[in-house]
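**Student:** build the 3D model from these lines:
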Amino acid sequence: ALGQEMAEIFNCHYGVEPKGNAPSNPQAEFRNKNILIVRHTLPETGKKFGKSADEVRELLANACRKLRELRAQRPRPHRDDKTLTAWNGLMISACARAAQVLDEPRYLAAARKTAAFVESRLSDKRAGTLWRRYRVGEAAIEGFVEDYAYLIQGLIDLYEASFDVKWLLWATELQQKQDTLFWDPNDGGYFSTAGNDPRILLRMKEDYDGAEPSPNSVAALNLLRLSQMTDNKTFRWRAATIFAVMGDRMQSVPSAMPQMLVAVMFHLDQPKQIV
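**Tutor:** Residues are numbered from 1 along each chain as shown. Have a look, this model is predicted:
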């Protein structure tokens, strides 16, 4: 497709090797195949082929354009374009906090718009519950505890960034619904599922703060923040109960629960209130 000269420059710059360039290949998907990666700077590639950096830049741009046109003729992979309540809750938090820190109104507008979308498309107002996902006009699957916890956190952050009390009121309502659906009345803490589906044989409680924080960790901080704002003593009691349930794990593997430790520090500290 590229011709010999352009292919040699392209292969050098992007690390293409005759027997493949994947040194670690546990599942053997890339045997004798190449994963394009920039291996050299433009001046380095140019020096090897006696060309200037600008010449190399133009050659590579033409090569990528030709390959892109060829790739466009292949069947495209399926795209995962569903909207998840939980992940949008995390995004609302990110935008609201960024709006505060960077004093950027666009981020606050994005947070508001996202919250309004979740409210109109992913919440059942009559039941006061959340749906987990939305796609092509359909909301489906009863929300998991992470959908509630992450969205509540986002709404609290949005309230603190905008001082629009509607978000705080909705967060409080969702917290009460989360308590009803997921709280373990025997041992404390939140189950991941509501227990309505007979196909789910075991209700789990997540406690690991990985790429996404544990819903119990996020919920603990949500409860403490809402308790401070609404003077709801039950919220604070539930947070303390979560700490008791997770106490042994926090002591033995604290590095696995950093978000839970954030909530513990908030619990032990004296919050500053500005009226």
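
**Student:** could you report the neighbour count for residue 13?
**Tutor:** Counted with other Cβ atoms under 10 Å, the neighbours of residue 13 add up to 24. Glycine gets a C-beta too; all of them are placed from N, C-alpha and C.

**Student:** quick check: closest non-adjacent residue to it.
**Tutor:** residue 45 (4.6 Å; Cβ to Cβ, 6 or more residues apart in numbering).

**Student:** ok, and for the host helix or strand of the one you found, which residues are buried?
**Tutor:** For residue 45, the enclosing helix or strand under DSSP states H and E is helix 42-49. Residues of helix 42-49 classed as buried by neighbour count (16 or more other Cβ atoms under 10 Å): 42, 45-46.

**Student:** mind checking the SS state of residue 197?
**Tutor:** coil (DSSP: H, G, I helix; E, B strand; the rest coil).

**Student:** now it: how far from residue 253?
**Tutor:** 30 Å (Cβ to Cβ, to the nearest Å).

**Student:** next: residue 166.
**Tutor:** 39 Å.

**Student:** now residue 216
**Tutor:** 15 Å.

**Student:** those two: who's more crowded?
**Tutor:** Neighbour count, other Cβ under 10 Å: between residue 216 and residue 253, residue 216 has more, with 29 against 11.

**Student:** coming back round to it: what about the helix holding residue 45, distance to the chain center?
**Tutor:** Distance of helix 42-49 from its chain centroid, counting by Cα atoms, centre = their mean, to the nearest Å, is 40 Å.

**Student:** stretch 207-216 too?
**Tutor:** Using Cα atoms, centre = their mean, the offset of stretch 207-216 from its chain centre is 11 Å.

**Student:** in the stretch 101-250 of the chain, which spans are helices?
**Tutor:** 105-121, 145-162, 165-182, 215-230, 233-245, 247-252 (DSSP state H, counting those that start in this stretch).

**Student:** residue 138 is nearest to which of those helices?
**Tutor:** The minimum distance between residue 138 and the helices of the stretch 101-250 of the chain falls on helix 105-121, with 9.5 Å, by Cβ to Cβ.

**Student:** residue 42 reaches residue 53, doesn't it?
**Tutor:** Yes - if you go by Cβ atoms under 8 Å, residue 42 and residue 53 touch, sitting 4.0 Å apart.

**Student:** quick one on the thing from earlier: return the member of the buried residues of helix 42-49 nearest to residue 137.
**Tutor:** residue 42 (47.1 Å).

**Student:** so how far is residue 267 from the closest residue in space to residue 124 that isn't next to it in sequence?
**Tutor:** Nearest in space to residue 124, with sequence neighbours left out and distances taken as Cβ to Cβ, 6+ apart, is residue 131 at 6.8 Å. Separation of residue 131 from residue 267 (Cβ to Cβ) stands at 32 Å.

**Student:** what's the answer for residue 89, then?
**Tutor:** Distance from residue 89 to residue 267, by Cβ to Cβ: 22 Å.

**Student:** more neighbours: the two, which one.
**Tutor:** residue 89 (27 against 18).

**Student:** so which helix or strand takes in the more buried one?
**Tutor:** Counting by DSSP H and E, residue 89 is found in helix 85-102.

**Student:** what helices or strands is that helix leaning on?
**Tutor:** helix 105-121, strand 129-135, helix 145-162 (3 or more Cβ pairs under 8 Å, 6 or more residues apart in numbering; DSSP states H and E).

**Student:** so which of these is the most surrounded?
**Tutor:** Highest mean neighbour count of the helices and strands packed on helix 85-102: helix 145-162, a mean of 25 (counted as mean count of other Cβ atoms under 10 Å).
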